[in-house]
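>>> The sequence isn't on hand, but the structure is:
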């Protein structure tokens, strides 16, 4: 009974989140839609595990091919989920097919092998891999099975590295868009990548220990099923809270800023800079903790490329650093006038989205902790 519950748990969890993620979209959310589809991959995997270990030898052969597709597509689809979170606006088969070609071709070759293999040989081989070793059909399927698992390992490495690089790339872009980098979505994205690493390493470790007969195979299976159920639940939980974190704009580097500005007459550049300064020095727009570059665009009447270029060129800062420099100046004034304010009140009063954002901004500027910086400010007074 306990084994049956463990076998069925990840199946229920994956189907639940697949439906919940799809049904949660009041507006079209491409990352959540793709994560909903992704959940079908582990669902197929664990249905196969259930049929194999239950055991249901008459049913398992019919899902084995689907299992190979699920294995091959598992990490590529998860990687595409991260692309939609960070740098791609929507899923496009034309744009993303290059990530899916090999994961589709390899199991298709396996399917062709099944089609030509005598059914008795194929069914027997699935439950006893030492049988029919002389059969060219079984040799072909065995080779393809090995290729699929090698591909699975390679995809794991490429996917988690690719996901991390996307998150880092998002961070660089976001600093040109958001004024507060302590974004819950940003932290969730890193956590979602970390969870898939835990599930993979735990499962492979448990399998390796059982293969070397260090732990019983039943215990290894229970560990894999339990950890996978927990991780898949957490992926669904954080995935359903996850909104796209792609600021959908072109990043303008310092090197490109001058080129962008050359198309604007010098007088116009000075006027634009003056308008930006007015918004920060007189209107104190930086006190809005949710401020992003589009708010400045609307306030001064230009486009975001010019705003980024003006700030980069004249202050040698990205948007996030530029806004926080004003918030830190405001923080100094508030501390002088109200030295007894708590840190939380200080953060809220000066436009920081959270206390962590304030601490990070102080450390980035001065290399000091908040208490050290406050002490220095009060002594200088």
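That came through, no problem. This is a predicted model, so every value here is computed, not measured.

>>> and residue 343, what does it touch?
By CB atoms under 8 Å, 6 or more residues apart in numbering, the contact set of residue 343 is 355, 358, 370. Every residue, glycine included, has its C-beta placed from N, CA and C.

>>> one more time with 7 Å
Contacts here follow CB atoms under 7 Å, 6 or more residues apart in numbering; on that basis residue 343 touches 355, 370.

>>> what do you get for residue 41?
Contacts of residue 41 by CB under 7 Å, 6+ apart are 70, 73, 74, 77.

>>> Please report how far the second one lies from residue 107.
For residue 73, the distance to residue 107 equals 8 Å [CB to CB, to the nearest Å].

>>> tally of neighbours for residue 108?
A count of nearby residues for residue 108, using other CB atoms under 10 Å, gives 14.

>>> Which helix or which strand is home to it?
Per DSSP states H and E, residue 108 falls inside helix 101-116.

>>> I'd like the average pLDDT over whichever helix or strand comes after that helix.
Of the helices and strands lying after helix 101-116 in sequence (DSSP H and E), the nearest is helix 119-127. Helix 119-127 shows a mean pLDDT of 91.

>>> pretty sure residue 358 is in contact with residue 352, am I right?
Yes: when contacts are counted by CB atoms under 7 Å, residue 358 is listed as touching residue 352 (4.2 Å).

>>> Who has more neighbours out of those two?
residue 352 (29 against 26).

>>> quick check, the more buried one in a strand?
No: counting by DSSP: H, G, I helix; E, B strand; the rest coil, residue 352 is located in no strand; its state is coil.

>>> Could you find the residue nearest the spatial middle of the chain?
residue 189 (3.8 Å; CA atoms, centre = their mean).

>>> From residue 233, how far off is it?
18 Å.

>>> same question, residue 117
Taking CB to CB, one finds residue 117 at 38 Å from residue 233.

>>> pLDDT weak spots in this protein?
For the chain, the stretches with pLDDT under 70 are 23-29, 171-178, 180-186, 210-213, 243-264, 380-381.

>>> Next, the buried residues of the longest helix along the chain.
What stands out as the longest helix in the chain, according to DSSP state H, is helix 136-174. Using 16 or more other CB atoms under 10 Å as the test for burial, helix 136-174 gives 137-138, 140-142, 144-145, 148, 151-152, 155-156, 159-160, 162-164, 166-167, 170-171, 173-174.

>>> Going by distance to residue 132, which of the contacts of residue 41 wins?
residue 70 (25.0 Å; CB to CB).

>>> what sits against the closest one?
41, 44, 45.

>>> quick one, what contacts residue 126?
Contacts of residue 126 by CB under 7 Å, 6+ apart are 60, 61, 64.

>>> Please enumerate the helices of the stretch 201-350 of the chain.
With DSSP state H, counting those that start in this stretch as the criterion, the stretch 201-350 of the chain has helices at 217-241, 254-261, 266-281, 293-300, 304-315, 319-337, 343-349.

>>> what's the most buried one of those?
Among the helices of the stretch 201-350 of the chain, ranked by average contacts under mean count of other CB atoms under 10 Å, first place goes to helix 304-315 (a mean of 21).

>>> who does it touch, helix- and strand-wise?
helix 254-261, helix 266-281, helix 293-300, helix 319-337 (3 or more CB pairs under 7 Å, 6 or more residues apart in numbering; DSSP states H and E).

>>> got the domain boundaries for the chain?
2-241, 262-380 (automatic domain parsing).

>>> Could you provide the helices and strands packed on helix 304-315 in TSV, with additional columns for distance to residue 37?
Listed next are the helices and strands packed on helix 304-315 as TSV, based on distance: least, CB to CB, whole Å:
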stretch	distance to residue 37
helix 254-261	37
helix 266-281	43
helix 293-300	31
helix 319-337	34
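
>>> Quick one: end-to-end length of stretch 296-313, please.
17 Å (CA to CA, to the nearest Å).

>>> Start the count at 621 instead of 1 going forward.
Sure, I'll start numbering at 621, so the last one becomes stretch 916-933.

>>> For that stretch, what is the distance to the chain centroid?
29 Å (CA atoms, centre = their mean, to the nearest Å).

>>> same question, stretch 946-965
For stretch 946-965, the distance to the chain centre is 35 Å (CA atoms, centre = their mean).

>>> Quick check: end-to-end length of it?
17 Å.

>>> And for stretch 699-714?
So stretch 699-714: terminal residues 16 Å apart, CA to CA.

>>> what's that stretch in contact with?
650-651, 654-655, 658, 716, 719, 779, 782-783, 786-787, 789-790, 809, 862, 864-866, 868.

>>> Buried residues in it, which are they?
For stretch 699-714, by 16+ other CB under 10 Å, it's 699, 700, 701, 702, 703, 704, 705, 706, 707, 708, 711.
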